[in-house]
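Undergrad: pasting the sequence and the predicted coordinates here, then a few questions.
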Amino acid sequence: MHVATRSSPSPASSPSSQGGRQSWLDALRGIAALIVVFEHSLDALLPEIRGSISPWFDFGQYGVLVFFLVSGYVIPVSLERRGSVRGFWITRFFRLYPLWALAAAIGTVFAVIGVYSTLPARTSGQPWSATLAHLTMLQDLLQVPSVVNVFWTLSYEMAFYLLVTAMFVFGVHRASAGTSLTLAVCALVAGALVPAGWLTHALGASVVGIAAIVLLGGIAAVLSAKHDVRLHGAAVIAVLALVLLTFNSRVGAWQSLIILATMFGGTAIYRLERSPVAWARSRWMIGLVPVLSVAAAVLLGPGWGMSEAGQQAFKWSWSTAVVAAWLTFAAGLALRHRTVSPVLVWLGLASYSIYLLHPLVLQVIRRLTSDPSGIPLTTRLAWEVVFFTTVIGCAALSYRFVEKPAQRMGRRLARAASEPSYR
């Protein structure tokens, strides 16, 4: 699995847990993070599960979709409560980039010295273009392989932030249910008509530079003090996100748009939960999103030149992951007033560290264990324990010494740069 869950939904979307209402979200993040770690350990340590269960259920995709639902639930609301696009982007920058930079640096060094994997050909052959694509965090929508595989979900987090910001500036941010359903319908149409990576195939590597310029210009305009300039900037970043999702994603239009539909589905659930009238009127829209997500997989498939058996396995594993993720989120929502284990809460708070760092630890494990077929099951289970323990230990250190200080700085700068609310 290329999972890589965000995210966050990645876990990167996590605000600090405060009060019982947020604890269930932290618990979902914690569980999702551990499931993604488990998914990525299968090839190295538990190929039996990969061969028997993975064709029917994708653990990693399930964890990622839970992350995306949580992101959708919390991110737009955090922007609206803050009432400041400038403050929102400052806090997002310090939430995402410091730990991302650390993981990217370690991942690059590991690839150069060949701890386990090597740098992708596109990255080593065009280092400046690949670096620029990574700095935008849109590399998965720019046909640039991620230097750390799990970075792919951050591209969808970034696209979501761009669309949420644009909707906030234009004052249509409450149209979450309609947005979610529209994206899901567009996924079916675009997925049938648009080949994956069409822009890059047509324009080449110049897409990276164009996207970076448009992104920086659009965000600068959105942060302007002038209302008309903000509106133009919002239109620019919204168009950029939708064009890249539809015409240039690595996984194809239908899957990219379904991911965004899922995130806006999380937002819609937040709004409907607080409005009985809206719930009665719009719940059918949200109910259709997972249905269309499964339909897109069944009708359109992966489209990656897989064998017939591989395509069937993808359709099953994607579909069951979608259903399980939505049911898991619904269960968390239903049980949100229950007391949540402090361990799960902490795992949720540290989930971004767990998510970004575990592929690096896994590279070391894979270098040490080599071929799992020659290792007894009991020994591999012991390595699994070592893997999880090391990941959680590294995450505890990075959460304490990288994430928390960066988040505090982001909050201070956001307060200093606060602006009047606008819609």
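TA: Cool, got the structure.
Undergrad: any regions of the stretch 301-423 of the chain where pLDDT drops low?
TA: Low-confidence segments of the stretch 301-423 of the chain, defined by pLDDT under 70: 303-305, 418-423.
Undergrad: before we move on, which element is the residue nearest to Leu135 when sequence neighbours are not counted in?
TA: Of all residues not flanking Leu135 in the chain, Ala212 sits nearest, at 7.5 Å (C-beta to C-beta, 6 or more residues apart in numbering). For every residue, glycine as well, the C-beta is placed using N, CA and C. Per DSSP states H and E: Ala212 is located in helix 206-222.
Undergrad: next, the buried residues of that helix.
TA: 207-208, 211-212, 214-215, 218-219, 221-222 (16 or more other C-beta atoms under 10 Å).
Undergrad: now it: how far from the chain's centre is it?
TA: Taking the mean of its C-alpha atoms, helix 206-222 sits 21 Å from the chain's own mean (C-alpha atoms, centre = their mean, to the nearest Å).
Undergrad: give me the contact list for that helix.
TA: 85, 89, 129, 132-133, 135-136, 138, 141-144, 162, 165-166, 169, 199-200, 203, 229-230, 232-234, 236-237, 240, 244, 248 (C-beta atoms under 8 Å, 6 or more residues apart in numbering).
Undergrad: these, buried ones only, as a PyMOL selection?
TA: In PyMOL, a selection of the buried entries from the contacts of helix 206-222 looks like this (16+ other C-beta under 10 Å):
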select buried, resi 85+89+129+132+133+135+136+138+141+142+143+144+162+165+166+169+199+200+230+232+233+234+236+237+240+244+248
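Undergrad: in helices, which of the contacts of helix 206-222 fall?
TA: Using DSSP state H, the subset of the contacts of helix 206-222 located in helices is 85, 89, 129, 132-133, 135-136, 162, 165-166, 169, 199-200, 203, 229-230, 232-234, 236-237, 240, 244.
Undergrad: where do the helices sit along the stretch 251-400 of the chain?
TA: For the stretch 251-400 of the chain, helices defined by DSSP state H, counting those that start in this stretch occupy the ranges 253-273, 276-300, 308-334, 342-349, 351-369, 377-398.
Undergrad: nearest to Pro55, of those?
TA: Among the helices of the stretch 251-400 of the chain, the nearest to Pro55 by C-beta to C-beta is helix 308-334 (3.8 Å).
Undergrad: got the angle between the closest one and helix 276-300?
TA: Going by axes from the mean of the first three to the mean of the last three C-alpha atoms, to 10 degrees, helix 308-334 is angled at 170 degrees with respect to helix 276-300.
Undergrad: for helix 308-334, buried residues please.
TA: Buried positions in helix 308-334, judged by neighbour count with 16+ other C-beta under 10 Å: 311, 313-326, 328-329, 332-333.
Undergrad: cool, and stretch 54-64?
TA: 54, 57-64.
Undergrad: could you list the alpha-carbon positions for that stretch in CSV?
TA: Provided in CSV are the C-alpha atoms of stretch 54-64 (Å, rounded to 0.1, in the frame of the first residue of the first chain):
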residue,chain,number,x,y,z
SER,A,54,-5.1,-7.9,2.0
PRO,A,55,-6.9,-9.0,-1.2
TRP,A,56,-10.1,-8.6,0.7
PHE,A,57,-9.4,-5.7,3.0
ASP,A,58,-6.8,-2.9,2.8
PHE,A,59,-5.8,-2.0,6.3
GLY,A,60,-3.8,1.0,5.2
GLN,A,61,-6.5,2.5,3.0
TYR,A,62,-9.0,2.0,5.9
GLY,A,63,-6.7,3.9,8.3
VAL,A,64,-6.1,6.7,5.8
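Undergrad: what helices or strands is the lowest-mean-pLDDT helix or strand in the chain leaning on?
TA: Using mean pLDDT, DSSP states H and E, the weakest-scoring helix or strand in the chain turns out to be helix 121-125, at a mean of 79. Packing partners of helix 121-125 (3 or more C-beta pairs under 8 Å, 6 or more residues apart in numbering; DSSP states H and E): none among the helices and strands.
Undergrad: only alpha carbons, please: show it as CSV.
TA: The C-alpha trace of helix 121-125 is given here as CSV (Å, rounded to 0.1, in the frame of the first residue of the first chain):
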residue,chain,number,x,y,z
ALA,A,121,14.4,8.0,-10.6
ARG,A,122,12.3,11.2,-11.0
THR,A,123,13.7,12.6,-7.7
SER,A,124,17.4,11.8,-8.4
GLY,A,125,17.1,12.8,-12.1
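Undergrad: contacts for it, please.
TA: Identification of contacts with helix 121-125 by C-beta under 8 Å, 6+ apart yields 118, 130, 143-145, 147.
Undergrad: next, format the helices of the stretch 251-400 of the chain as CSV and append distance to Ala187.
TA: Below are those laid out as CSV (distance: least, C-beta to C-beta, whole Å):
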stretch, distance to Ala187
helix 253-273, 4
helix 276-300, 5
helix 308-334, 12
helix 342-349, 29
helix 351-369, 25
helix 377-398, 33
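Undergrad: would you mind finding the most buried of these?
TA: Ranked by mean neighbour count under mean count of other C-beta atoms under 10 Å, these are led by helix 253-273, which reaches a mean of 26.
Undergrad: name the helix or strand for the spatially closest residue to Ala295 that is not a sequence neighbour, please.
TA: Using C-beta to C-beta, 6+ apart and skipping the chain neighbours, the partner closest in space to Ala295 is Leu188 (6.8 Å). Using DSSP H and E, Leu188 sits in helix 176-193.
Undergrad: ok now that helix, how far from the chain's centre?
TA: Chain-centre distance of helix 176-193: 18 Å, with C-alpha atoms, centre = their mean.
Undergrad: for it, name the packing helices and strands.
TA: Contacts defined by 3+ C-beta pairs under 8 Å, 6+ apart place helix 176-193 against helix 253-273, helix 276-300.
Undergrad: for Val345, find the nearest of those helices.
TA: helix 253-273 (19.2 Å).
Undergrad: that closest one packs against which elements?
TA: Counting contacts by 3+ C-beta pairs under 8 Å, 6+ apart, helix 253-273 is packed against helix 59-82, helix 152-170, helix 176-193, helix 227-247, helix 276-300, helix 308-334.
Undergrad: save the helices and strands packed on helix 176-193 as a markdown table, and put in mean pLDDT too.
TA: Output for the helices and strands packed on helix 176-193, formatted as a markdown table (pLDDT from 0 to 100):
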| stretch | mean pLDDT |
| --- | --- |
| helix 253-273 | 94 |
| helix 276-300 | 87 |
